[in-house]
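Trainee: sequence first, predicted model second:
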Amino acid sequence: MRKAIFAKFLQVILVVLFLSTFIFYIASSSALLKNSRKDMLYTLSAIDKVLDYNGNFLDEADKLKTVLDEKQGRFTIIKMDGTVIADTGDVPVSSLDNHSERTEVKEAKEEGTGYSRRYSDTLKENMLYVAIRSTESDFILRMAIPYTGMKEYLMLLLPAVWLTFLIAIMYSAFSADNFAESITKPLKEISQEMLKVKGDYTDLSFETYQYPEINIIAETTTKMSKNVKEYLNQIEMEKQIRQEFFSNASHELKTPITSVQGYAELLESGIIQEEGQKRDFLNRIKKEAANMNNLINDILMISRLETKDAEVLKTNVRLSIVLDDIIESIKPLAASHEVLIHMDCKPVCIYANTQQMKELFGNLISNAVKYNKPGGEVWVKVREEDRNLIVQVKDNGVGIPKESLSRIFERFYRVDKGRSKKQGGTGLGLSIVKHIVNFYHGTISVRSELDKETEFTVNIPIKGKV
């Protein structure tokens, strides 16, 4: 990279040098041409003032010839029709062509002054011609000088140009090397710092460099390392949650299986002869089997919601109907706990799966009833706000400790294990609620005060068919 930067830098410098030299040459040539024309116009104007137009033009030309060196200049007097009547050159006037079509003559005749540059067949070199229309008489005065522009100065300027080029290239090489070093050194330091990382991705420190772009790279690298650390922590946490899940699931299944196995062995042994006791054992076996079935169904639901690979049948669900069914089914539970349920459901329709909505409402409301006090109340409020479904379930029950608020959505997590066991359930209710909310790209929050109240708030965007 350093070599590439160095080479590119030199290329740019050389192009700039060549362009600046070319521009200087063009500008100098233009300035020289302009000054030469100005001087020649001044000379012609002065000659026009002193020239005797009443005398012999050839004599006047001879006088000028003694003043003007042919190598330095040539003077010509031309009639308006283009006929040459006097010339300081060695060629006889009679042999000169008509000059009416010469560019400088035409311009002088029309505009008062004219000029042109061209190769002279007579003098065998490039000439600059300047002509004026006389202000003293009806003639055109023309002057010509050999003109090569800047070419004659090139040999004089060439050593200085080469010296300038050499100095510029040396300075450019030095500057390019420093510039390349200033870029590659920070990149090397960043790379070396990253290679020092031994598992702790947050252990990175970079200096502040002179280029903001490189500082951005350093900052981005630091942020990425922190993201990697957070990602690894998340993987580790999920691994731990998964291990806890299998352990809890095994424990939750082991208890009813052991109970079923014990009752079945007692019935099989023939020890139990009383029919009433047998029926009681069979009812207990059915109850434990139903608990296992519910637990497995809840686990399967969470798995499907997590992977999102199952086909979910969605329809337009009227939440007031769903809520009426849920509260009707929970009435016996509410009566046994002496809890009163208040419902405030606006006409809201959402494109969703009916069973998932029932699971969501059922788990939130049943928990509010189970973990309440005798004589307690539950308030259920459903409304639509800015194309979002807002569900609020509030109770004035036992509340949730602050240290447990961040964990209540974990699978099998129980705030009060003793009381939770008595209330029944699989311990997956709030985890299912959380997964359903996530499935519909919504959010759920909880606010609670111990021995006072608990309020769950669900916000789900209303999308699709309604």
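Mentor: Looks like it came in fine.
Trainee: going forward, measure contacts and count neighbours with C-alpha atoms only.
Mentor: OK.
Trainee: please identify the buried residues of the strand or helix carrying residue 291?
Mentor: Element membership of residue 291, judged by DSSP states H and E, is helix 275-307. Across helix 275-307, burial judged by 16 or more other CA atoms under 10 Å covers 281-282, 284-285, 288-289, 291-292, 295, 298-299, 301-302, 305.
Trainee: and the next helix or strand past the helix or strand encompassing residue 76?
Mentor: Using DSSP H and E, residue 76 maps to strand 74-79. Under the assignment DSSP H and E, the closest C-terminal helix or strand after strand 74-79 is strand 84-87.
Trainee: partner strands of that next one, with direction?
Mentor: Its sheet considered, strand 84-87 pairs with strand 74-79 (antiparallel) by DSSP bridges.
Trainee: against which helices or strands is the helix holding residue 291 packed?
Mentor: If you count contacts as 3 or more CA pairs under 8 Å, 6 or more residues apart in numbering; DSSP states H and E, helix 275-307 packs onto helix 212-269, helix 429-439.
Trainee: and the following helix or strand past it, which strands flank it?
Mentor: Using DSSP H and E, the helix or strand that follows helix 275-307 in sequence is strand 315-318. Strands that pair with strand 315-318, judged by DSSP bridges, come out as strand 349-352 (antiparallel).
Trainee: what's the mean pLDDT across the host helix or strand of residue 186?
Mentor: Assigned by DSSP H and E, residue 186 belongs to helix 151-195. Averaging pLDDT along helix 151-195 yields 70.
Trainee: now do stretch 413-428
Mentor: pLDDT averaged over stretch 413-428 gives 58.
Trainee: how long is that stretch end to end?
Mentor: One end of stretch 413-428 to the other measures 8 Å (CA to CA, to the nearest Å).
Trainee: would you confirm that residue 135 contacts residue 48?
Mentor: Yes: at 7.4 Å, residue 135 counts as touching residue 48 under the criterion of CA atoms under 8 Å.
Trainee: just the C-alphas of the strand holding residue 76, formatted as PDB.
Mentor: Output of strand 74-79 as PDB, limited to C-alpha atoms (Å, rounded to 0.1, in the frame of the first residue of the first chain):
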ATOM      1  CA  ARG A  74      10.700  45.300 -42.300                       C
ATOM      2  CA  PHE A  75       8.500  48.300 -43.200                       C
ATOM      3  CA  THR A  76       6.000  48.400 -46.100                       C
ATOM      4  CA  ILE A  77       3.700  51.200 -47.400                       C
ATOM      5  CA  ILE A  78       0.500  49.800 -49.100                       C
ATOM      6  CA  LYS A  79      -2.200  51.500 -51.000                       C
END
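Trainee: I'd like the numbering to begin with 15 instead of 1 from here.
Mentor: Sounds good: first residue 15 from here, last item strand 88-93.
Trainee: what's the mean pLDDT across that strand?
Mentor: 86.
Trainee: nearest residue to residue 96 in space, please, no chain neighbours.
Mentor: What sits nearest to residue 96 in space, not counting adjacent residues and going by CA to CA, 6 or more residues apart in numbering, is residue 114, at 3.9 Å.
Trainee: ok, that neighbour - contacts?
Mentor: With contact set as CA atoms under 8 Å, 6 or more residues apart in numbering, residue 114 has these partners: 94-97, 120.
Trainee: for ChimeraX, write the selection for the buried entries among those residues.
Mentor: The following ChimeraX line selects those of the contacts of residue 114 that are buried, judged by 16+ other CA under 10 Å:
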select :94,96,97,120
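Trainee: would you map the helices across the stretch 15-164 of the chain?
Mentor: Secondary structure of the stretch 15-164 of the chain (DSSP state H, counting those that start in this stretch): helices at 16-64, 71-81, 117-125.
Trainee: where does the stretch 315-464 of the chain dip in pLDDT?
Mentor: Residues of the stretch 315-464 of the chain that meet the criterion pLDDT under 70 lie in 319-325, 428-440.
Trainee: of the helices and strands packed on helix 289-321, which is nearest residue 348?
Mentor: Shortest distance between residue 348 and the helices and strands packed on helix 289-321, using CA to CA, is found for helix 443-453: 17.4 Å.
Trainee: what does the next helix or strand after that closest one contact?
Mentor: Using DSSP H and E, the next helix or strand after helix 443-453 towards the C-terminus is strand 457-463. With contact meaning CA under 8 Å, 6+ apart, strand 457-463 is reached by 413-416, 419, 448, 451, 468-474.
Trainee: flag every buried residue along strand 457-463.
Mentor: Residues 458, 460, 462 are the ones in strand 457-463 that count as buried (16+ other CA under 10 Å).
Trainee: what about it, distance to the chain center?
Mentor: Relative to the chain's own centre, strand 457-463 is displaced by 36 Å; criterion: CA atoms, centre = their mean, to the nearest Å.
Trainee: strand partners (parallel or antiparallel) of it?
Mentor: Applying DSSP bridges, strand 457-463 is found paired with strand 467-475 (antiparallel).
Trainee: so the partner strand versus helix 443-453, what angle?
Mentor: Relative orientation of strand 467-475 versus helix 443-453 (axes from the mean of the first three to the mean of the last three CA atoms, to 10 degrees): 30 degrees.
Trainee: chain center to strand 467-475: distance?
Mentor: 36 Å.
Trainee: can you list the neighbours in contact with that strand?
Mentor: For strand 467-475, the external contacting residues (CA under 8 Å, 6+ apart) are 378, 401-414, 451, 454-462.
Trainee: just the buried ones from the residues you listed, in PyMOL syntax?
Mentor: Those of those that count as buried under 16+ other CA under 10 Å are selected in PyMOL with:
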select buried, resi 378+402+403+404+405+406+407+408+409+410+411+412+413+414+451+456+458+460+462
